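**Student:** Have a look; sequence and predicted model below, questions after that.
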Amino acid sequence: MAVSEVYILGGYQTDFARNWTKESKHFSALMRESVLGGLEATGIAPEEVESAHVGNFAAELYCMQGHLGAFFTEVHPAFSGLPTGRHEAACASGSIALLAASAEIEAGRYGLQAVVGIEQMKTVDSGTGGTYLGTAAWYEDEAEGIEAPFPKLFGRLGDEYDKRYGLNDDHLAEISRLNYDNAKLNPNAQTRTWYMNKEHALCRTDDNPAIGGRVRISDCSQVTDGAVCMFLANAEYAEKYAKGMGKKLEDIPRLKGWGHNTARLRFDDKIAESRSAEYVLPHVRSTITSAMKRAGIADVNGIDGIETHDCFTTSEYMAIDHFGITAPGESWKAVEEGWLEIDGKHPINASGGLIGAGHPVGATGVRQLLDGYKQVTETAGDYQIEGAKNIQTLNIGGSGTTSCSFIIGR
């Protein structure tokens with residue numbers, strides 16, 4: 001049986017600058033806005049949705065709430081009885097939900113599916129939130145009793161680059177600057193009104209304290225409340241949808257390729273395994289190249305823009321060479337040459353990424369794909385990459401543990 005193609009019809013993102021706890025709004029209101037917003041943005045009727053997948057990391061901790069698939073049915077009376085489910089893979093939870101939805105379309109089970117990525121994180125103080133995030137690592141070994149465990153783990157990623165190739169913090173500061181600058185162009189970005197430049201990112205004062213070795217506040221992604229809803233469809237539904245919108249099927253973006261790998265959980269075990277490897281995180285590299293191979297794209301030169309997982313500047317630094325933009329260990333060249341700018345040779349995180357746009361953990365993978373959709377449909381507004389035909393994402397859960405990548409194009 002031939003594998004069905006998966007089409008992407010669009011969706012909706014909540015404003016990542018909002019604090020839903022301060023607004024006294026329940027988790028269900030966050031989901032409701034994203035789903036109803038997605039229906040309105042795409043012109044899809046609720047009655048047409050056949051199934052739904054929810055990506056979420058830790059609502060049981062942040063919101064004392066599990067069974068999140070059931071919350072989808074609370075959004076609209078037409079959803080009562082729908083098959084739904086929740087997917088979790090730390091910061092890659094949203095991408096795992098997308099993979100599950102696309103697989104069901106490819107299997108011929110459903111013609112139209114909703115995917116919601118969601119996280120409400122501002123329900124607790126930063127210390128407690130850091131402890132919750134530590135459960136994305138091997139908690140007893142890597143997080144228990146450790147303040148800010150993930151900044152420390154990704155600080156060690158920078159240290160590993162420094163050990164193998166050398167690493168200048170000036171290049172990390174430039175990555176921070178770029179993501180904050182791009183976020184100013186994005187009307188849904190959490191930091192769009194914040195102040196940040198390279199000089200501040202390089203500050204070694206109380207204004208920019210170290211929280212994880214070489215990782216400082218300016219190197220970190222944001223604690224964010226947010227939800228994103230997207231709709232995926234098979235060719236039959238997409239063709240009818242296109243006709244109803246006055247378009248051709250080829251005008252609707254497709255999921256051209258995907259990659260998915262899971263490495264060992266402990267950071268030390270990953271590094272030990274990669275001692276003699278070409279790349280620091282080989283499974284991240286293979287995730288990226290698997291998506292390219294499935295899309296029929298030879299290398300990064302066939303990609304017009306990248307939305308990557310910059311949970312910290314060190315993870316974006318890693319992504320640069322893992323995408324093949326430079327040789328291993330030479331990510332600094334792309335930073336210095338301006339290749340990562342929106343109008344550069346290899347634009348990265350035109351949206352502002354996790355550092356600038358925000359990082360509601362379970363929503364990030366879905367947000368990345370939505371921004372890819374906006375780019376290839378030329379609806380990204382002020383952060384549009386000119387002539388974007390193929391956009392690739394990289395979404396990472398844990399310390400490089402679960403890696404997912406999608407290529408979206410027309």
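**Tutor:** Great, that's in hand. Numbers count the residues shown, from 1 in each chain.
**Student:** Quick check: next helix or strand after the helix or strand where Arg294 lies?
**Tutor:** In this structure, Arg294 sits in helix 282-295 according to DSSP states H and E. Per DSSP H and E, the first helix or strand lying C-terminal to helix 282-295 is strand 305-307.
**Student:** to the chain's geometric centre, what's the distance from that next one?
**Tutor:** 11 Å (CA atoms, centre = their mean, to the nearest Å).
**Student:** From the rest of the structure, what touches the helix holding Arg294?
**Tutor:** Helix 282-295 is contacted by residues 256-263, 270, 273-274, 278-279, 298-300, 302-303, 318-319, 322-324, 390, 392, 394, 396, 400, 403-407, 409 when judged by CB atoms under 8 Å, 6 or more residues apart in numbering. (Glycine included, C-beta is placed from N, CA and C.)
**Student:** Any of those residues buried? List them.
**Tutor:** For those, a burial check counting by 16 or more other CB atoms under 10 Å picks out 256-261, 263, 270, 274, 279, 300, 303, 318-319, 322-324, 390, 392, 394, 396, 400, 403-407, 409.
**Student:** Hmm, Ile391 and Arg254 touching each other?
**Tutor:** No. Applying CB atoms under 8 Å, one finds Arg254 not in contact with Ile391, separated by 11.8 Å.
**Student:** Now do the SS call for Gly166.
**Tutor:** coil (DSSP: H, G, I helix; E, B strand; the rest coil).
**Student:** measure it to Phe323 for me?
**Tutor:** 20 Å (CB to CB, to the nearest Å).
**Student:** can you give me the strands in the stretch 101-250 of the chain?
**Tutor:** 112-119, 210-212, 215-216, 226-233 (DSSP state E, counting those that start in this stretch).
**Student:** packing partners for the helix or strand that contains Ser95?
**Tutor:** Ser95 is located in helix 93-106, with elements delineated by DSSP H and E. With contacts defined as 3 or more CB pairs under 8 Å, 6 or more residues apart in numbering; DSSP states H and E, helix 93-106 has these neighbours: strand 51-55, strand 84-87, strand 112-119, strand 226-233, strand 254-262, helix 364-376, strand 395-397, strand 402-409.
**Student:** Can you show me the CA trace of stretch 293-311 as PDB?
**Tutor:** Coordinates of each C-alpha in stretch 293-311 appear next as PDB, following Å, rounded to 0.1, in the frame of the first residue of the first chain:
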ATOM      1  CA  LYS A 293      16.900  12.000   2.900                       C
ATOM      2  CA  ARG A 294      13.200  11.400   3.200                       C
ATOM      3  CA  ALA A 295      12.600  14.800   1.600                       C
ATOM      4  CA  GLY A 296      15.000  14.100  -1.300                       C
ATOM      5  CA  ILE A 297      17.200  17.000  -0.300                       C
ATOM      6  CA  ALA A 298      20.900  16.400  -0.500                       C
ATOM      7  CA  ASP A 299      22.200  18.800   2.200                       C
ATOM      8  CA  VAL A 300      21.500  22.000   4.000                       C
ATOM      9  CA  ASN A 301      21.900  24.000   0.800                       C
ATOM     10  CA  GLY A 302      18.400  22.700  -0.200                       C
ATOM     11  CA  ILE A 303      17.000  24.200   3.000                       C
ATOM     12  CA  ASP A 304      15.900  27.900   2.900                       C
ATOM     13  CA  GLY A 305      15.500  28.400   6.700                       C
ATOM     14  CA  ILE A 306      15.800  26.500   9.900                       C
ATOM     15  CA  GLU A 307      13.800  26.600  13.200                       C
ATOM     16  CA  THR A 308      16.100  25.000  15.700                       C
ATOM     17  CA  HIS A 309      15.900  24.200  19.400                       C
ATOM     18  CA  ASP A 310      17.900  26.900  21.100                       C
ATOM     19  CA  CYS A 311      17.000  26.100  24.600                       C
END
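**Student:** Pull out the buried residues from it.
**Tutor:** The neighbour-count check on stretch 293-311 (16+ other CB under 10 Å) flags 294-295, 297, 300, 303-311 as buried.
**Student:** Now tabulate the residues you listed in a markdown table and tack on distance to Arg18 and pLDDT.
**Tutor:** Below are the buried residues of stretch 293-311 laid out as a markdown table (distance: CB to CB, whole Å; pLDDT from 0 to 100):
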| residue | distance to Arg18 | pLDDT |
| --- | --- | --- |
| Arg294 | 36 | 97 |
| Ala295 | 35 | 97 |
| Ile297 | 36 | 98 |
| Val300 | 35 | 98 |
| Ile303 | 32 | 98 |
| Asp304 | 31 | 98 |
| Gly305 | 26 | 98 |
| Ile306 | 27 | 98 |
| Glu307 | 21 | 98 |
| Thr308 | 24 | 98 |
| His309 | 22 | 98 |
| Asp310 | 21 | 98 |
| Cys311 | 21 | 97 |
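**Student:** what about Val75, distance to Lys25?
**Tutor:** 14 Å.
**Student:** Hmm, I typed the wrong one, I wanted Ser102.
**Tutor:** 31 Å.
**Student:** Please apply the same query to Glu144.
**Tutor:** Glu144 is 32 Å from Lys25, by CB to CB.
**Student:** Comparing these two, which residue is more hemmed in?
**Tutor:** Comparing Glu144 with Lys25 by neighbour count (other CB atoms under 10 Å), the higher total belongs to Lys25, at 16 against 13.
**Student:** Would you mind measuring from the more buried one to Val116?
**Tutor:** 16 Å.
**Student:** What is the neighbour count of the nearest residue to Leu340 once chain neighbours are set aside?
**Tutor:** Computed as CB to CB, 6 or more residues apart in numbering, the closest residue to Leu340 that is not its neighbour in sequence is Ile348, at 4.4 Å. If you count neighbours by other CB under 10 Å, Ile348 ends up with 28.
**Student:** Name the residues linked to Val54 by a beta bridge.
**Tutor:** Arg86, Val116 (DSSP bridges).
**Student:** closest to Lys247 among the buried residues of stretch 293-311?
**Tutor:** Asp304 (20.9 Å; CB to CB).
**Student:** got the phi/psi numbers for that closest one?
**Tutor:** Recorded main-chain torsions at Asp304 are phi -90, psi -20, according to degrees, to the nearest 10.
**Student:** Fine by me, we can end here.
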